[in-house]
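Asks: Structure of the sequence below:
(one chain, ligands or ions: 1)
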Amino acid sequence: MAQQLSWEMLQSIVQSDSIERLSMRQLDELFHAEKDMMSFLPDSVCQIDPRNGELIVYNSTRARRPHDSGTHNTGLTTDEKPCVICQGKTTGVVDVAQLSQGATFINKNLFPIIYPLQDILEEYRQQPLYPDPAHTGRVSYGFHFLQWTSSQHDQDWHTLPLDDGLVVLQRLAALEEKLLYESKELMPPSEMPPPRKLTHGFVSIIKNYGRLAGGSLAHGHQQIGYSNIMPSRFYNNWCFAERHQGEYFSHYLLQENPSELTVRDYGDAVLVVPYFMRRPYDMLLAVKNTERQYLHELTNAEMRAVTQGIQDAIRALMQIMPMLGREPAFNMTINNGPGAGLYLEFLAHTQEIGGFEQLGLWVCQESTTNAAAYLREKLS
Ligand SMILES: [Zn+2]
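Replies: Numbering: from 1, shown residues only. The predicted structure follows:
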């Protein structure tokens, strides 16, 4: 990469050096002030697949994203094109923290899947999925952020020292906490009824790595969606607890998953291959204290254990996928919110999704015991 984002360049796009110091109103204003975002706004409509409760949000402008269409126009791959982040050509930064080299920072997604609409009717702010008998769609709104793991182009979770990875996770936790506790005026309660805590809205944290897993920019990053609507996986976690007399899924996993499928134990968290692995080398990272629901509730020791687990899972996939003849590509999701216990999922793009899988019949080309053994070997 010819150019790296220097501290000085980064400072020139910083609007706030700490998310804690911004009010939700200021944050809202900063989103509305991003003029370049205006041509990429989402449709702000959500539909629900009535068969399984999965949510679909629409953004008909998203296909026009320059880094997507540019690949076709110029014949360059994502890796060959100049990186817009390294050039500092990005939206205003709302949080920045120094790492041992460079910095990690959070800014606004220029191509948001959700956007802070103004003047949302009170009735729509009462509950995440209100009745929609005419199927015109429900309003979906919120904030879409990006967290750049490092200002240095070639750095990401798997290359950072543990202490730097910990800072990255702590900044994610700070954003999550801010959004959940200061959005009473904006978002429906996170849990209905009755709320265990006074949190509002839903914070979805994901990472797409590699072109084949939906990563459209090579510069390492996480996406954070803060929405009025509850993703169906969060809802499923909540339903799981309802069906199991209040037992959270992560508690079930820690009790039931066979010990030979443990990849590594970090004391406060454990990395496992789930006995129901759908794709070779899928992994789950569960926090052992299953009363934890959110990142910001973790102690420092738990935060460190989770950072180690993230780093190990990604390092293992980066080693194994090329040996399978595959470009490294995976999704990481953070399952937080009511009913989950806190756990992370690593979904490796080790097999395509075919027709059987679309019927809910997954054909997995590796056994769980082999996958766990190989992951342990790679990490030892
Ligand atoms: Zn870059």
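
Asks: which is the next helix or strand following the helix or strand of the chain with the lowest mean pLDDT?
Replies: Ranking every helix and strand in the chain by mean pLDDT, DSSP states H and E puts helix 66-74 at the bottom, with a mean of 49. Using DSSP states H and E, the helix or strand that follows helix 66-74 in sequence is strand 93-98.

Asks: If you count neighbours, what's buried in that next one?
Replies: 93, 94, 95, 96, 97 (16 or more other C-beta atoms under 10 Å). Any C-beta I mention is one placed from the backbone N, CA and C, and that applies to glycine too.

Asks: go on, stretch 238-247?
Replies: So for stretch 238-247, counting by 16+ other C-beta under 10 Å, buried means 238, 240, 241, 247.

Asks: Filter those down to the ones in strands?
Replies: Judged by DSSP state E, strands contain none of those.

Asks: Per-residue pLDDT of residue 79, please?
Replies: Note on residue 79: pLDDT of 56.

Asks: What of residue 234?
Replies: Looking at residue 234, its pLDDT is 89.

Asks: what's the closest non-adjacent residue to it?
Replies: Leaving aside its chain neighbours, residue 234 sits nearest to residue 337 (4.7 Å; criterion: C-beta to C-beta, 6 or more residues apart in numbering).

Asks: Tell me which two in the buried residues of strand 93-98 are the farthest apart.
Replies: The largest separation in the buried residues of strand 93-98, counting by C-beta to C-beta, is between 94 and 97 at 11.8 Å.

Asks: Can you tell me which residue is spatially central in this structure?
Replies: Centre of the chain computed as the mean C-alpha position; nearest residue by C-alpha atoms, centre = their mean is residue 206, 1.4 Å away.

Asks: Which strand residues bridge that residue?
Replies: Using DSSP bridges, the beta-bridge partners of residue 206 come out as residue 223, residue 333.

Asks: Tell me who's in contact with the residue in the stretch 51-200 of the chain positioned nearest to the ion.
Replies: At 3.1 Å from the ion, residue 83 is the closest residue in the stretch 51-200 of the chain, using C-beta to the ion. Neighbouring residues of residue 83 by C-beta atoms under 8 Å, 6 or more residues apart in numbering: 1, 3, 153, 217, 218, 219.

Asks: burial measure for the fourth one, as a count.
Replies: The one in question is residue 217. 18 (other C-beta atoms under 10 Å).

Asks: Verify the contact between it and residue 85 for me.
Replies: Yes: taking contacts as C-beta atoms under 8 Å, residue 217 lies within contact range of residue 85: 7.0 Å.

Asks: Which pLDDT value belongs to the residue of the stretch 51-200 of the chain closest to the ion?
Replies: On pLDDT, residue 83 comes in at 93.

Asks: that older thread, how much space between the residue nearest to the centre of the chain and residue 364?
Replies: Applying C-beta to C-beta, to the nearest Å, the value for residue 206 to residue 364 is 22 Å.

Asks: Enumerate every residue touching residue 372.
Replies: Taking C-beta under 8 Å, 6+ apart, one finds 260, 261, 262, 263, 272, 273 in contact with residue 372.

Asks: Next one: the residue nearest to the first one when sequence neighbours are not counted from residue 279, what distance?
Replies: Ranked by C-beta to C-beta, 6+ apart and with sequence neighbours excluded, the top spatial neighbour of residue 260 is residue 369, at 6.0 Å. In this structure, residue 369 lies at 16 Å from residue 279, with C-beta to C-beta as the measure.

Asks: just to revisit the earlier point, from what I see, the residue nearest to residue 260 and residue 263 are in contact.
Replies: No: taking C-beta under 8 Å as the definition, residue 369 is not a contact partner of residue 263, at 11.8 Å.

Asks: Looking at the two, which is more packed in?
Replies: Neighbour count, other C-beta under 10 Å: between residue 369 and residue 263, residue 263 has more, with 24 against 13.

Asks: can stretch 5-20 be found next to the ion?
Replies: No: applying C-beta under 5 Å from the ion, one finds stretch 5-20 separated from the ion by no less than 6.9 Å.

Asks: Sort out which residues of that stretch are buried, please.
Replies: 5, 10, 13, 15, 16, 17, 19.

Asks: Check the gap between residue 212 and residue 344 for me.
Replies: Taking C-beta to C-beta, one finds residue 212 at 20 Å from residue 344.

Asks: Could you list the residues in contact with stretch 292-305?
Replies: 162, 166, 169-170, 172-174, 176-177, 180, 199, 203, 205, 266-269, 287, 289, 306, 334, 336-338, 340-342.

Asks: In helices only, show me these.
Replies: Assigned to helices by DSSP state H, the following of the contacts of stretch 292-305 qualify: 162, 166, 169, 170, 172, 173, 174, 176, 177, 180, 306.

Asks: distance from the centroid: which residue in this protein tops it?
Replies: Largest centroid distance in the chain under C-alpha atoms, centre = their mean is residue 134 at 31.8 Å.

Asks: and the chain, what are its domains?
Replies: 1-230, 244-290+297-380 (automatic domain parsing).

Asks: Out of these, which gets the lowest mean score?
Replies: Minimum mean pLDDT among the domains of the chain: domain 1-230, a mean of 89.

Asks: For this structure, list the residues in contact with the ion, please.
Replies: By C-beta under 5 Å from the ion, the residues of the chain that approach the ion are 83, 85, 86, 153, 219.

Asks: Same list (those residues) but as TSV, adding distance to residue 47.
Replies: Shown next, in TSV, are the residues of the chain next to the ion (distance: C-beta to C-beta, whole Å):
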residue	distance to residue 47
83	35
85	33
86	37
153	38
219	32
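
Asks: ok, so of the residues you listed, who is nearest residue 37?
Replies: residue 85 (16.0 Å).

Asks: For that closest one, list the residues it contacts.
Replies: With C-beta under 8 Å, 6+ apart, residue 85 has these contacts: 5, 148, 151, 153, 217, 219, 221.
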